[in-house]
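**Student:** From the sequence below, what's the structure:
(one chain, ligands or ions: 2)
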Amino acid sequence: MFVPTRALLHVDMDAFFAAVEQARRPELRGLPVVVGGERGGRGVVSTCSYEARAFGVRTAMPIGQAERLCPQAVFLPVDMGAYVAAHHRLVELFRSVTDLVEVVSIDEARLDVTGCRLLFGPPRAIARRLQEQVHDACGLGCSIGIGPNVLLAKLAAELAKPGGIGELAEADVRGRLRDLPVGELHGVGPVTQERLAALGLTTVGMLQDIPFAVLAAAFGRGAHGLRQLAFGRSVATLRRTPAAPKSIGHETTFAEDVNDAETLRRTLVALADRAAADARRHGLAPHTVTVKVRFSTFHTVTRRRTFGRPLATAPAVAAAALGLLDELAVGARWVRLLGVVVSSFRHGAFQLTLDDGWREVALAEAVDRVHRRYGSRALRLAGGLGGSAPGLSGGAGQAGDRGGGASDGLSAVASGGASVIAPAVAGRPVAGFGGGSAGGLAGSPVARA
Ligand code: TTP
Ligand code: MG
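**Tutor:** Ligands and ions are numbered 1, 2, ... in the order given. Okay, the predicted model is just below:
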């Protein structure tokens, strides 16, 4: 059987943070740009444009030293929100080529294009098109390495920097690779490099040729790994990164139909709490909240609102959901099912909201930590009572808690106790509303048939 050689693309953005700054401020293009802190600051260089690298500026160098080397550079603080947003645009672009994408870091990804060749042509053509798309869509430059495994593809990308497309095939291992300095191998850091130099090994070829016993005497168990690196062998497979969800929702079917406003509100707050926590786990903050109500007659209504600012905390999502429930004017009708869905996500919104919402975000993250440690029932949102903003509370017997009465709903009590939700609530994640079986009747162990 013919087994095609795998074709992996390793994409690494060029001078990523600095390039994002140059893309959004075209007047900076072609100039030395240093990202990491203002002039005169005490920070270190996160990265710098290739124009600044020509003056010797490097990542991790103190800003002061960078200033001395390149006084004319433009010095900028780190704006992580902008870089994360660019990262997500890029990943979306990569996924338009293949769904076999592994996100390696904020500015690196691997794509397995083995199966795309019939559709898009040879790997080099795919790489060239991708480079153009990245440039056109984001104004950014990238280097792309093509190889039969993750190791050779990454090395090929590094050798192609900046802006190039490189290719390393198995045949190059005994050819081009041999002349490379050992330090070019990913995994050979400065310390290993020095130890290899002490053995007189400075090139990859030397590392290939030295008797294994000599290498083993010097590096013990590490010798095997070094040898594999020298021959560009890797058993690592591409680990596909799942795409971020488009929507996250929870819904619950009551054990018995409910027509009591307070129970509905409390249940809705619990569902919003779960949806917000799930979104945060994905690093997402929603702009849109949808509330779904199914009446005992099976008539179902939904109401949704999109907000200008992302809702980064559970109380914000809960308050929005409660507002929507009010608008649905359920009145005294009997309700069978209640649901909350959050969607229209903003990626990396947490950094963006730190300026004005840091208390809420810090609290939300603390709550996540409690959930991870003690389980999701340890700490829940309480509230939705009397129109006040929902607050957090934990522990048994607090069904009547009003969020400590704090207007910003930030009083939190951690405990290993029971849920604050009075009725039998057993929401479950659903893919969103409208999907065939999203009626969710089986969502609760107490659901009615
Ligand atoms: P890199 O890909 O290592 O660097 P780069 O993209 O700036 O430049 P190159 O063209 O050589 O790939 O890292 C990606 C981003 O991660 C970089 O733009 C800034 C950030 N970063 C830090 O903040 N600190 C660090 O020590 C490193 C290595 C990167
Ligand atoms: Mg990079």
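
**Student:** Which stretches in the stretch 101-250 of the chain count as strands?
**Tutor:** With DSSP state E, counting those that start in this stretch, the ranges of strands along the stretch 101-250 of the chain come out as 101-105, 108-112, 142-147, 165-167, 247-258.

**Student:** Tell me which of the ones you listed lies nearest to F345.
**Tutor:** F345 lies closest to strand 247-258 among the strands of the stretch 101-250 of the chain, at 8.2 Å (C-beta to C-beta). C-beta: built from backbone N, CA, C; applies to glycine.

**Student:** My read is that R58 contacts V44, right?
**Tutor:** No: if you go by C-beta atoms under 8 Å, R58 and V44 don't touch, sitting 10.0 Å apart.

**Student:** Helix or strand: which one has V301?
**Tutor:** strand 300-306 (DSSP states H and E).

**Student:** helices and strands around that strand, which ones?
**Tutor:** In terms of contacts (3 or more C-beta pairs under 8 Å, 6 or more residues apart in numbering; DSSP states H and E), strand 300-306 is packed against strand 284-295, helix 314-328.

**Student:** Same list (these) but as CSV, adding distance to A137.
**Tutor:** Putting the helices and strands packed on strand 300-306 into CSV (distance: least, C-beta to C-beta, whole Å) gives the following:
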stretch, distance to A137
strand 284-295, 21
helix 314-328, 31
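
**Student:** Switch the strands of the stretch 101-250 of the chain over to a markdown table; also include distance to R274 and mean neighbour count.
**Tutor:** Formatted as a markdown table, the strands of the stretch 101-250 of the chain follow (distance: least, C-beta to C-beta, whole Å; neighbours: other C-beta atoms under 10 Å):
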| stretch | distance to R274 | mean neighbour count |
| --- | --- | --- |
| strand 101-105 | 26 | 18 |
| strand 108-112 | 31 | 23 |
| strand 142-147 | 38 | 26 |
| strand 165-167 | 45 | 21 |
| strand 247-258 | 5 | 22 |
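
**Student:** right, and the ones you listed - which one's nearest ligand 2?
**Tutor:** strand 108-112 (6.5 Å; C-beta to the ion).

**Student:** picking that back up, starting from the strand holding V301, tell me which strands it pairs with and how they run.
**Tutor:** strand 284-295 (antiparallel) (DSSP bridges).

**Student:** Can I get the strands of the stretch 101-250 of the chain in CSV including mean pLDDT and distance to A277?
**Tutor:** Listed next are these as CSV, based on pLDDT from 0 to 100; distance: least, C-beta to C-beta, whole Å:
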stretch, mean pLDDT, distance to A277
strand 101-105, 94, 22
strand 108-112, 97, 27
strand 142-147, 98, 35
strand 165-167, 98, 42
strand 247-258, 96, 9
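
**Student:** Sounds good, over and out.
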